[in-house]
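A.B. asks: coordinates only, sequence not included:
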């Protein structure tokens with residue numbers, strides 16, 4: 001089935017490959033917004049993060065995986081924002097793929113990675129790995145970030 005690049009802002013064949021990979025993952029409440037080319041799902045994870053929101057944005061030649069821990073307390077205090085930004089920077093130095101980002105307006109931290117798909121459609125295992133890897137990176141480093149609501153008490 002050809003990619004309809006004229007009518008769609010995203011690569012439909014890539015979106016189908018991502019949907020196929022996500023269908024095999026343990027997740028809940030998964031949705032796809034056809035207008036935006038965006039998958040949103042929630043994944044229960046072990047440890048203090050409990051649940052993460054996973055957003056996969058499909059573009060024409062790539063897709064972006066964003067993982068947002070749901071139990072973080074939004075932070076709007078300037079000193080705390082500075083602390084969060086510094087923690088993100090320190091962790092990012094040692095990451096090969098992706099990065100932790102701080103949304104200054106909301107004080108929310110997320111992990112973000114981009115997967116290039118220019119000229120090919122990634123295999124189902126490759127897509128599943130990229131999503132699982134983003135979740136695992138968030139789990140591994142999430143405890144290093146002062147974002148968990150229970151730490152605010």
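C.D. replies: Perfect, I can see it now. Just so it is clear, the model here is predicted, and its values are computed rather than measured.
A.B. asks: so where's this protein uncertain?
C.D. replies: For the chain, applying pLDDT under 70 flags the ranges 1-7, 147-153.
A.B. asks: rerun that using 50 as the cut-off
C.D. replies: For the chain, residues meeting the criterion pLDDT under 50 lie at 1-5, 148-153.
A.B. asks: in it, which spans are helices?
C.D. replies: Counting by DSSP state H, the chain has helices at residues 12-23, 78-93, 124-142.
A.B. asks: residue 115: which of those is closest?
C.D. replies: helix 124-142 (4.9 Å; Cβ to Cβ). In this view, the C-beta of every residue, glycine as well, is placed from N, C-alpha and C.
A.B. asks: give me the beta-bridge partners of the residue most central in space within the chain?
C.D. replies: Taking Cα atoms, centre = their mean, the centroid of the chain lies closest to residue 66, which sits 1.5 Å from it. Under DSSP bridges, the beta-bridge partners of residue 66 are residue 55, residue 112.
A.B. asks: in this structure it contacts residue 110, no?
C.D. replies: Yes - shown here, residue 66 and residue 110 form a contact pair, counting by Cβ atoms under 8 Å, at 5.2 Å.
A.B. asks: how about the helices of the chain in TSV, adding distance to residue 105?
C.D. replies: Formatted as TSV, the helices of the chain follow (distance: least, Cβ to Cβ, whole Å):
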stretch	distance to residue 105
helix 12-23	28
helix 78-93	10
helix 124-142	21
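A.B. asks: reformat these as JSON lines; add distance to residue 118 and mean neighbour count.
C.D. replies: Converted to JSON lines, the helices of the chain look like this (distance: least, Cβ to Cβ, whole Å; neighbours: other Cβ atoms under 10 Å):
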{"stretch": "helix 12-23", "distance to residue 118": "10", "mean neighbour count": "18"}
{"stretch": "helix 78-93", "distance to residue 118": "24", "mean neighbour count": "14"}
{"stretch": "helix 124-142", "distance to residue 118": "14", "mean neighbour count": "18"}
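A.B. asks: closest to residue 54 out of those?
C.D. replies: Each of the helices of the chain has some distance to residue 54 by Cβ to Cβ; the shortest is helix 124-142, at 6.5 Å.
A.B. asks: and the angle from that closest one to helix 12-23?
C.D. replies: Computed by axes from the mean of the first three to the mean of the last three Cα atoms, to 10 degrees, the angle separating helix 124-142 from helix 12-23 equals 60 degrees.
A.B. asks: what's the angle between helix 124-142 and helix 78-93?
C.D. replies: Between helix 124-142 and helix 78-93, the angle formed by their directions is 130 degrees, by the same axes, to 10 degrees.
A.B. asks: right, I'll leave it there.
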